[in-house]
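Visitor: What follows is a protein structure lacking sequence information:
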C-alpha cells in the first residue's frame, strides 16, 4: 500500500471510530467527510458500512493486543508493567473509542479478546502474588475495576496525557479514594 493510501486508511478508521462512538448510526458519507476524503475512497476499500465497522473493530483489537505486548506484563517489574499497560490502553481507548461488545458475536474476535483478557488476568494475579494488589478481594474484582477506571479517565479527563491519566488510574487502583 502506498504511504498516502495507508495514511488515508488510518484516517478513515480512526475518524470512523470517533464518529461512530458519538453517533452509532453515522453513514459512510459522514465519516468520509469528517476524515477529509471522498466517500468513493471509502467505498473502494469497504463494500459496506459493516465492512468498515469490522475494520475499525479489528484495528482496535490489534491495538489492544499491541498495548498488552508493549507493557511486557510477564517480564517487566509489576508496578512498571501496570503503569505501562494502563497508559497504553488509555491511548487505545482515545484513538479507538468504539466498544468491542458489538462485534463479539464473531468467534475469532471473541477468541482474541478472551486471550487478551486472560493475559491481563494472569498479570493481575502476578500483581497480587508479588504484593502490589492486596489478596482477599472478591474474585475478578481487579479485573472488573481496572477497565472501568481506564474507560472513565479516557472519556472524562481528555486534558490529561495518557501518562498523567495512567497516574490517576494506578493511584486509584492501588490506594483507593480514602484519605489514609
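Guide: Arrived safely, thanks for sending. All of these numbers come straight from a predicted model, not from anything done at the bench.
Visitor: Pass me the low-pLDDT residue ranges in this structure, would you?
Guide: Counting by pLDDT under 70, the chain contains low-confidence ranges at 1, 180.
Visitor: Which parts of this structure are helices?
Guide: Here the chain has its helices, by DSSP state H, at 3-22, 28-35, 39-45, 49-71, 78-95, 107-129, 141-156, 162-175.
Visitor: deepest of those, which one?
Guide: Compared across the helices of the chain, helix 78-95 shows the largest average neighbour count, a mean of 21 (mean count of other CB atoms under 10 Å). For every residue, glycine as well, the C-beta is placed using N, CA and C.
Visitor: what sits against the residue lying closest to residue 55 once chain neighbours are set aside?
Guide: Excluding the flanking residues, the one nearest residue 55 by CB to CB, 6 or more residues apart in numbering is residue 13, at 6.0 Å. By CB atoms under 8 Å, 6 or more residues apart in numbering, the residues touching residue 13 are 55, 56, 59.
Visitor: looking at it, residue 41 is touching residue 33, isn't it?
Guide: No - using CB atoms under 8 Å, residue 41 makes no contact with residue 33, being 11.2 Å away.
Visitor: residues near the residue nearest to residue 18 when sequence neighbours are not counted, how many?
Guide: In this structure, residue 18 finds its nearest non-sequential neighbour in residue 97, 6.0 Å apart by CB to CB, 6+ apart. Residue 97 is flanked by 18 other residues according to other CB atoms under 10 Å.
Visitor: how does this protein divide into domains?
Guide: Following automatic domain parsing, the chain resolves into domains at 1-47, 53-175.
Visitor: roughly how far is the longest one from the heart of the chain?
Guide: The one in question is domain 53-175. 7 Å (CA atoms, centre = their mean, to the nearest Å).
Visitor: First-to-last residue distance for that domain?
Guide: 38 Å (CA to CA, to the nearest Å).
Visitor: again with stretch 18-36
Guide: 14 Å.
Visitor: Now tell me what touches that stretch from outside.
Guide: Against stretch 18-36 from outside (CB under 8 Å, 6+ apart): 8, 11-12, 15-16, 38-39, 41-43, 46, 49, 52-53, 56, 97-99.
Visitor: Likewise for stretch 87-102?
Guide: 14, 17-18, 20-21, 53, 56-57, 59-61, 63-64, 66-68, 70-71, 109, 113, 147, 150-151, 153-155, 158, 162-163, 165-166, 169.
Visitor: Repeat that for stretch 109-124.
Guide: Applying CB under 8 Å, 6+ apart, the contact partners of stretch 109-124 are 57-58, 61, 64-65, 68, 73-74, 78, 81-82, 85, 100, 103-104, 133, 142-143, 146.
Visitor: do that again at 10 Å, thanks
Guide: Applying CB atoms under 10 Å, 6 or more residues apart in numbering, the contact partners of stretch 109-124 are 54, 57-58, 61-62, 64-65, 67-69, 71-74, 76, 78, 81-82, 85, 89, 100-101, 103-104, 106, 132-133, 140-143, 145-147, 173.
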